[in-house]
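J.: Structure for this input, please:
(2 chains)
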Amino acid sequence: MKILPPTLREKKRYLALEIISETRASRNQFLKELQYSIASLVGDVGLSESGLQLLYFDGRFAIVRCVPKKIWVVRAGIAAITGINKIRIAARVVGIGGTVRSVTEKYKDKKNYTSQ
Amino acid sequence: MSVFTKNPLYEIHVRPESGQSLEQMAVIAKRYGYAGMIVATNACKPERTEAIPPDFLLYHSAELNAQSASQVRKKAQLLHGKTDCIILRGGSETVNRAGVENRLIDILSPSGNINHVLAKLASNNNVAIEFDLGAIIHTEGPERCEVLSVYRNNLKLVRKYEVLFVITTTPISCYDFRAPREMAALAMLFGMKREEAVYAMSIVPRQIIEQRSPNFITAGVKLI
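T.: Have a look, this model is predicted:
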């Protein structure tokens, strides 16, 4: 079967997240918390519309995919994360890019995030 | 250049809980892109130590809790001139009213709805209304719904009467800070525009601090 042509695919943006936490959380825990946080903010409909996907997570840095139109909703959801199982955690978006590669190259392992 | 990098931004209502080091909070705030923060302590002014980044501005504010209108006036009079900024924790209608009537108060943090009378007075007396985004972050379900509807109502009045307004997350630890864009995203949940959020984080705090600086004489007149 032919693959879906690029023109018919959903547009996407990749958000680079920086995570500060007391102890390191696991990927599943973080994803669950992120989904829960967005769902409790904008509901299940909003969560499904955002096309959320966690592509990379290592405890300090994460890459999340979403639909360009829902970036600010996802951002609010990320800001609403306060803790995972009583462990305090805070995440913020350090940058947005059009491909996973550009986001990784630009923002991963960079101590100083000047541009966002 | 985005709107977020044009002006220096401030976190205006930091309340470090006991055991939290101010240095760590300052480092985090600086990293998030803030140019300064206003720390609310009831004791003396926060001390500058070496660990705090040198170009990070630190101001001091006093939080005022009052039960009655006369207490508001008395306490505000006592604190006047001793801090950079006075924040009144609102409560009942009479306390809020006394707060917005008093020119010594800089920021009113109302716990519920404000009305058109309060908004008009706040506008005349240059009292800023605080939107505590921490309440959105830390609550859930019906409580959050309530908070959002209160803020939506307050925002409507604030726009109509051109009242100054500020947004903050009232961080008590370094995990409660949110970066400026995240603040805007949270503020957008109750209808605030991005530009308004930036205005609330940059221009209004600047104005408040300038107003209380010892060189300030009256609007537009400053001792150089």
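J.: And the residue nearest to B:S61 when sequence neighbours are not counted, how far from chain A?
T.: For B:S61, ignoring the flanking residues on the chain, the nearest one in space by CB to CB, 6 or more residues apart in numbering or on different chains is B:C85 at 3.9 Å. To be clear about C-beta, it is placed using only N, CA and C from the backbone, and glycine gets the same treatment. Taking CB to the nearest CB, to the nearest Å as the criterion, B:C85 is separated from chain A by 25 Å.
J.: Repeat that for B:P54.
T.: When CB to the nearest CB is the yardstick, B:P54 and chain A sit 16 Å from each other.
J.: follow-up on the earlier one: tell me the contacts of the residue nearest to B:S61?
T.: Contacts here follow CB atoms under 8 Å, 6 or more residues apart in numbering or on different chains; on that basis B:C85 touches B:I12, B:I38, B:Y59, B:H60, B:S61, B:A62, B:D106, B:I107, B:I208, B:I209, B:R212.
J.: which residues sit in contact with the third one?
T.: For B:Y59, the set of contacting residues under the criterion of CB under 8 Å, 6+ apart consists of B:G36, B:M37, B:I38, B:V39, B:D84, B:C85, B:I209.
J.: how about it, phi and psi?
T.: Backbone geometry at B:Y59, expressed as degrees, to the nearest 10, gives phi -120, psi 160.
J.: for it, which residues make a bridge with it?
T.: In this structure, B:Y59 has the following beta-bridge partners (DSSP bridges): B:I38.
J.: ok, it to B:S149 distance?
T.: According to CB to CB, to the nearest Å, B:Y59 stands 32 Å off from B:S149.
J.: Where does B:I129 sit, in terms of helix or strand?
T.: Taking DSSP states H and E as the criterion, B:I129 maps to strand B:128-132.
J.: Give me the next element, helix or strand, following that strand.
T.: In the C-terminal direction, the helix or strand that comes right after strand B:128-132 (DSSP H and E) is helix B:134-138.
J.: for the residue nearest to B:L164 when sequence neighbours are not counted, what are its contacts?
T.: Here the nearest residue to B:L164 in space, its sequence neighbours aside, is B:A128; by CB to CB, 6+ apart that works out to 3.9 Å. Shown here is B:A128, whose contacts under the criterion CB under 8 Å, 6+ apart are B:D106, B:I107, B:L108, B:A122, B:V163, B:L164, B:F165, B:V166, B:V204, B:I208.
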